[in-house]
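[1] kindly generate the corresponding structure for this input.
(one chain, ligands or ions: 1)
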Amino acid sequence: MPSSDSPSKKRKADEEVENGHPKKVAPDHHNGSSNGGSNDALITSDDPLHPANHICELCHKFYGHGWVTGTGGGLSIKHENYVFIAPSGVQKELMKPTDMFVMDYTTKEYLRRPQALKPSACTPLFLAAFTKRGAGCCIHTHSQWAVLVTLICEAGHQNAHGPNVFAMKEIEQIKGISRGGTGSTEILEGGRKAGNLGYFDTMKIPIIENTAHEEDLKDTLEKAIEEWPETCAVLVKRHGVYVWGKDVKQAKTQCESLDYLFQLAVEMHRLGLKWV
Ligand SMILES: [Zn+2]
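    Numbering: from 1, shown residues only. Next up is the predicted model:
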């Protein structure tokens, strides 16, 4: 608990850290209950990169992309030991920091739980990416391009790597995808990222079956993450995609690159072109 932190550790939380993380997230626990009450100190900051503010800005952006239409999709950021999650059933373009759920990553207990709202059904799936991949951000979209790609594979087309795999190669944008989703972002000579796929690598994204309830995807999603160590995402048939990264920047970059590739794949298929 932050209240038991040593003074030096507490100072560290106040300092600005690299990679666009917020200056301060650590809450004042004297200012809210620890059993899921209002605890507004956790979500109050004038720093635009504070996860509570950042999630709202990203939801607004993603709504514009058609990724989170009709309250579908979602987004979570893990910062230090806190997991910030957009709630269920709220119009994503109207999201406010006060709508945010905040969970203690170690205990999985809610430190902040808005009484009028429901926690996102995606929560166990976001946690799977944080736990199994060490991710710091996970994005779930209902992008039509992602759905269409799964339908094309389901119909038995483009199955060079099997019916439950989306595979693509020799497209420049594949270089925007890191191995495992959390690969090194160190820039090598020539501008290539050390942990990313190369132009001649085949990108493979597993496709899992949809379930009637989102939270029931947890076991198959976890299994797919384990069985596909190189993937940065899992496609859900007739539903959408989960994409992660070690931080917001990497998750967002990969989600954009993938959506570009999904759209390209649909258009290629329409033109009778093979993906691999
Ligand atoms: Zn969904």
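[2] how far off centre is stretch 174-186?
    Here the centre of stretch 174-186 is set off from its chain's centre by 14 Å, with Cα atoms, centre = their mean, to the nearest Å.
[3] what lies in contact with that stretch?
    129, 133-135, 168, 192-199, 201, 203, 229-233, 243-246, 250-251, 253-254, 256-258, 261 (Cβ atoms under 8 Å, 6 or more residues apart in numbering). C-beta coordinates here come from the backbone N, C-alpha and C atoms, glycine included.
[4] can you pull the contacts of Thr44?
    Thr44 is in contact with 52, 97, counting by Cβ under 8 Å, 6+ apart.
[5] kindly report the same for Glu154.
    Counting by Cβ under 8 Å, 6+ apart, Glu154 has contacts 163, 207, 237-238.
[6] of those residues, which is the most crowded?
    When neighbours are taken as other Cβ atoms under 10 Å, the top entry among the contacts of Glu154 is Ile207 (23 neighbours).
[7] which SS class is it?
    strand (DSSP: H, G, I helix; E, B strand; the rest coil).
[8] touching, it and Leu235? I think so.
    Yes: with contact defined as Cβ atoms under 8 Å, Ile207 reaches Leu235; the gap is 4.4 Å.
[9] pull up the overlap in contacts between the two.
    With Cβ under 8 Å, 6+ apart, Ile207 and Leu235 have common neighbours 150, 166.
[10] isn't Glu222 right up against Ala129?
    No: counting by Cβ under 8 Å, Glu222 does not reach Ala129; the two are 9.5 Å apart.
[11] more neighbours: these two, which one.
    Neighbour count, other Cβ under 10 Å: between Glu222 and Ala129, Ala129 has more, with 30 against 18.
[12] after the one helix or strand that one maps to, which helix or strand is next? Please name it.
    Using DSSP states H and E, Ala129 sits in helix 123-133. Using DSSP H and E, the helix or strand that follows helix 123-133 in sequence is strand 137-141.
[13] so which elements touch that next one?
    When contacts are defined as 3 or more Cβ pairs under 8 Å, 6 or more residues apart in numbering; DSSP states H and E, strand 137-141 sits against helix 51-65, strand 74-79, helix 123-133, strand 240-245, helix 248-270.
[14] perfect, that will be all.
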